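Peer 1: coordinates for the following, if possible.
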Amino acid sequence: TTLKGSNRGRPGSCRLMSEWTEQTNGSTSDLDQEIGRPSMVLDVVVRAEFHALLVASLWLLFVGHNLPGGGFVGGLVVVAAFGLRLAAGGSVELLNSLRVRSEVVLGLGLLVATGTALLGLVNNGALLQSRELHVTLPWLGEIATSSAFFFDLGVYLVVVGSFHWLLEVLSEPEHEGDLE
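Peer 2: Residues are numbered from 1 along each chain as shown. Below you'll find the predicted structure:
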């Protein structure tokens, strides 16, 4: 089917839709079923990639304070994974992908990032001054990290919480009573 002419300026008009409706004897129930049904291929691919994207984001988080990456980039990879879940399965799939409310994740991230930033002020230091941390764990031995990792962790949680909340809000169905 080819489109002829322009339908701009006429709300609700689509020549392709009207031609398709004429070909199907005015029945649009088949079209409603095609549009409302998610793609099974997209769903399977997204489910397979989702956990790999989460692992990649954690890798970016852990190497970020020494190499390119960090909390912001790692958080954006998680948000991309959530966006794929939303595209494949809708808002229900998005809500099932994060077990904790996005406001809690956002608040925890703000608390961790702010606490780490203020930790530099201890012992006459400067705001956001990096501190070394050495911990000995039973099975892993001694682990050395810095406060920059915890600041990255806070940024990671802020990005994940805020963008997940944004995706939740944008994917909610509109209610006619909300406009009044």
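
Peer 1: need the pLDDT of Ser58.
Peer 2: Just to correct that, residue 58 is Leu rather than Ser. pLDDT recorded at Leu58 is 94.

Peer 1: that one: neighbour count?
Peer 2: When counting by other CB atoms under 10 Å, one arrives at 14 neighbours for Leu58. For glycine as for every other residue, the C-beta is placed from the backbone atoms N, C-alpha and C.

Peer 1: in the helix or strand hosting Val158, what's buried?
Peer 2: Take DSSP states H and E as the rule and Val158 turns out to sit in helix 147-171. If you call a residue buried by 16 or more other CB atoms under 10 Å, then helix 147-171 has these buried ones: 147-165, 167-168, 171.

Peer 1: off-centre distance for it?
Peer 2: 9 Å (CA atoms, centre = their mean, to the nearest Å).

Peer 1: next: stretch 106-126.
Peer 2: Centroid displacement of stretch 106-126 relative to its chain, using CA atoms, centre = their mean, is 25 Å.

Peer 1: report the rounded mean pLDDT for it.
Peer 2: The model assigns stretch 106-126 a mean pLDDT of 90.

Peer 1: and the contacts of it?
Peer 2: Here stretch 106-126 makes contact (CB atoms under 8 Å, 6 or more residues apart in numbering) with 127-131, 147, 150-151, 153-162, 165.

Peer 1: just want the angle from the lengthiest helix in the chain to helix 147-171.
Peer 2: Of all the segments of type helix in the chain, defined by DSSP state H, the longest one is helix 71-97. If you take axes from the mean of the first three to the mean of the last three CA atoms, to 10 degrees, helix 71-97 sits at 40 degrees to helix 147-171.

Peer 1: now do the helix or strand following helix 71-97 against helix 147-171, angle only.
Peer 2: Once the chain leaves helix 71-97, the next helix or strand it forms, by DSSP H and E, is helix 102-119. Put simply, helix 102-119 runs at 160 degrees to helix 147-171, going by the same axes, to 10 degrees.
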